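S.K.: I would like the atomic coordinates for the input below:
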Amino acid sequence: MHRGIFAALAAAAMLIPLGAALADTPVAGPDSNLPVPRFVSLKAPGANGRHGPGLEHRVDWIYERAGLPLQVTGESGPWRRVRDPDGAEVWMHAQNLEQRRTIYVSEATALRRTAHESSQVVAYLSPGVVASVTGCSGEWRRVAVGGRVGWATNEALWGGDCAGL
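M.R.: Residues are numbered from 1 along each chain as shown. This is a model prediction of the structure:
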């Protein structure tokens, strides 16, 4: 009898690390079948961020910055719960979002010619800049903004997750 209990406890202990590993893996959204969480961007200005998933919910924010990166954290039918760079979470209709990936500069940083700290500076990015992100190399992100293309460190950016790039 004691051996049976010990075997059951040992089997359960083996499942805990597996469960922890699965918890870090993005799951497919029930409505889009895309990974959640994931990053998207705002399609056009004037998008309502609502308190809940539906037109009957109050508008908490009106987003005016096309291209703003948003993180999808939940889904309910055609509605997506999104987190903005300031950390606010609202619900937005999926038609207001696009899959194009962008980043938000959260702290001043240099845009460099290559993904290396000693590389030539192409431009300086101020907090609040929104740019397209097209690649990753370690902790560096390849970004394009204002006709310039270069590399910035991910620690100065919001939305620079490499998944989906």
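
S.K.: tell me the centre residue of this structure?
M.R.: Centroid check for the chain by Cα atoms, centre = their mean gives residue 39 as the closest residue, at 3.3 Å.

S.K.: give me the element that one is part of.
M.R.: According to DSSP states H and E, residue 39 maps onto strand 38-42.

S.K.: For the residue nearest to the centre of the chain, give me its contacts.
M.R.: 69, 70, 71, 72, 101, 159, 161, 163, 164 (Cβ atoms under 8 Å, 6 or more residues apart in numbering). All C-beta spots, glycine's among them, are computed from the backbone N, C-alpha and C.

S.K.: ok, the residue nearest to the fifth one when sequence neighbours are not counted to residue 50 distance?
M.R.: Read it as residue 101. Leaving out its chain neighbours, the residue that sits closest to residue 101 by Cβ to Cβ, 6 or more residues apart in numbering is residue 133, at 5.0 Å. Look at residue 133 and residue 50: by Cβ to Cβ, to the nearest Å, they are 27 Å apart.

S.K.: residue contacts, residue 123?
M.R.: Residue 123 sits next to 110, 111, 145, 146, 148, 150 when contact means Cβ under 8 Å, 6+ apart.

S.K.: right, I mislabeled it, should have said residue 57
M.R.: 50, 51, 91 are the contacts of residue 57 under Cβ under 8 Å, 6+ apart.

S.K.: hmm, 6 Å instead?
M.R.: 50, 51 (Cβ atoms under 6 Å, 6 or more residues apart in numbering).

S.K.: Touching, the residue nearest to residue 101 and residue 100? I think so.
M.R.: No: counting by Cβ atoms under 6 Å, residue 133 stays clear of residue 100, with 9.5 Å between them.

S.K.: So these two - more neighbours on which side?
M.R.: It is residue 133, of residue 133 and residue 100, that has more neighbours when counted by other Cβ atoms under 10 Å, with 25 against 14.
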